[in-house]
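Enquirer: Predicted model, plus sequence, below.
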Amino acid sequence: MTLYNNSDKNKRKTWFLFTGFLVFAMIVGYVFSVAMENSMILYIVVGFSIISSFIAYWFSDKIVLKMSNAKELKFEENKELYRLVENLCISSGLPLPKIYIINDPAPNAFATGRNPKNAVIAVTTGLLERLDRSELEGVIAHELSHIKNYDILLATLVTVLVGMIVLLADWFSRWAFFSGGGRSRDNNKGGAVIIIVAIVFAILAPFFAYMMQFAISRKREFLADADGALMTRYPEGLARALEKISSDPHKLKTVNRATAHLYIASPLKEKKKSGFLAKAFMTHPPVEDRIKALRGIKN
């Protein structure tokens, strides 16, 4: 079975995970509101998520680009890159995105924006220096696939939801510590049980939220690899690019865990991990698995 056979399956799984993420956030908010004996907590959680999603939808690209120290690249500064992106956009029916450059020797790239008409592709100087044309074309096609599939919007909204759950869990933990548990002072056993459940949620919610974020990110990467290879009709180009990016010793200077999952390959230079729990916290699928799947594609 090739990546093409798995494309539809990965899409369904991605949206299933995203729906589960939303339900999970609402459950956490409900449990905390019951534990605090204040129904307003749930309304605050829902309101905060809506406001955060609105901000993320309209300004996520600017925030991410600022965090990455990316600067817009003008056509005159790199005509060859612009023409490469333009040719791929024409063949895939996409509008030309803005192109940004990150002055960093570590080869990597990411896409952001709320939709194909307002999309951005950012590449590092190291990527332009290390890759040949077919490899660079594979990377750009991968990022255009994220844009075409609206992965860039999905990734942003999931990031916001993770941040919301982490903040909520931290808020409840502080409340439980300083108030002594509120209802736990009463002799009401039911109330004490709710407090215990809420404390467990406060501890485990960020853990599961990050797991779901990384799971969605990994599914997105496999799908973008498949679509990118289909766009260029040359899977080997992207496979070789992934080999060079993953083997490069440089670590991206401006990266953090909030934006790491956006890049085509993990910029954190994590050590190879084994075991279910270790892999669950990987922002990207193992590069070896991606390369093997790409080289298994029948042209």
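Expert: In hand now; what should we look at?

Enquirer: which stretches of the stretch 151-299 of the chain form helices?
Expert: Counting by DSSP state H, counting those that start in this stretch, the stretch 151-299 of the chain has helices at residues 151-179, 189-232, 235-247, 276-280, 287-295.

Enquirer: among those helices, which gets the worst mean confidence?
Expert: When the helices of the stretch 151-299 of the chain are compared by mean pLDDT, helix 276-280 comes last with a mean of 53.

Enquirer: What residues of stretch 290-298 count as buried?
Expert: R290, I291, A293, L294, I297 (16 or more other CB atoms under 10 Å). Glycine gets a C-beta too; all of them are placed from N, C-alpha and C.

Enquirer: got those residues as a markdown table, with distance to V64 columns?
Expert: Listed next are the buried residues of stretch 290-298 as a markdown table, based on distance: CB to CB, whole Å:
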| residue | distance to V64 |
| --- | --- |
| R290 | 23 |
| I291 | 27 |
| A293 | 27 |
| L294 | 26 |
| I297 | 30 |
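
Enquirer: So which of the residues you listed is the closest to D151?
Expert: R290 (15.3 Å; CB to CB).

Enquirer: And that closest one, how far from E243?
Expert: 10 Å (CB to CB, to the nearest Å).

Enquirer: ditto for G296
Expert: Relative to E243, G296 is positioned 15 Å away (CB to CB).

Enquirer: cool, S33 as well?
Expert: S33 sits 50 Å away from E243, going by CB to CB.

Enquirer: the more surrounded of the two?
Expert: Between S33 and E243, counted using other CB atoms under 10 Å, S33 has the larger neighbour count: 19 against 15.

Enquirer: OK, contacts around the more buried one?
Expert: With contact taken as CB atoms under 8 Å, 6 or more residues apart in numbering, S33 is in contact with S39, M40, I41, L42, V45.

Enquirer: part of a helix, is it?
Expert: Yes. Counting by DSSP: H, G, I helix; E, B strand; the rest coil, S33 is found in a helix.

Enquirer: show me the contacts for the nearest residue to it once chain neighbours are set aside.
Expert: Nearest-residue entry for S33: I41, 3.5 Å, with adjacent residues in sequence omitted and distances by CB to CB, 6 or more residues apart in numbering. By CB under 8 Å, 6+ apart, I41 lies in contact with G29, F32, S33.

Enquirer: just checking, I41 is part of a helix?
Expert: Yes. Membership of I41 in a helix is supported by three-state DSSP.

Enquirer: measure V162 to F222 for me?
Expert: 21 Å.

Enquirer: go on, P107?
Expert: Taking CB to CB, one finds P107 at 20 Å from F222.

Enquirer: Among the two, which residue is more densely surrounded?
Expert: A count of neighbours by other CB under 10 Å puts P107 above the other of P107 and F222, at 28 against 22.

Enquirer: Spell out the secondary structure type for that one.
Expert: P107 carries the three-state label coil when classified by three-state DSSP.

Enquirer: Would you list the phi and psi of it?
Expert: phi -70, psi 120 (degrees, to the nearest 10).

Enquirer: contacting residues for it?
Expert: Going by CB under 8 Å, 6+ apart, P107 touches T124, G126, L127, E129, R130, L131, K244, I245, D248, H250.

Enquirer: Could you report the neighbour count for V200?
Expert: Neighbourhood size, V200 [other CB under 10 Å]: 11.

Enquirer: Next, give me the two most distant ones among the contacts of P107.
Expert: Farthest pair in the contacts of P107, by CB to CB: L131 and H250, 14.0 Å.

Enquirer: Look at the two and report which has more neighbours.
Expert: When neighbours are counted by other CB under 10 Å, L131 comes out ahead of the other of L131 and H250, with 22 against 15.

Enquirer: Which of the contacts of P107 fall within strands?
Expert: Residues of these located in strands (DSSP state E): T124.

Enquirer: Dump the contacts of P107 into JSON lines; add distance to R83 as well.
Expert: Formatted as JSON lines, these follow (distance: CB to CB, whole Å):
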{"residue": "T124", "distance to R83": "20"}
{"residue": "G126", "distance to R83": "21"}
{"residue": "L127", "distance to R83": "17"}
{"residue": "E129", "distance to R83": "18"}
{"residue": "R130", "distance to R83": "20"}
{"residue": "L131", "distance to R83": "16"}
{"residue": "K244", "distance to R83": "22"}
{"residue": "I245", "distance to R83": "23"}
{"residue": "D248", "distance to R83": "26"}
{"residue": "H250", "distance to R83": "27"}
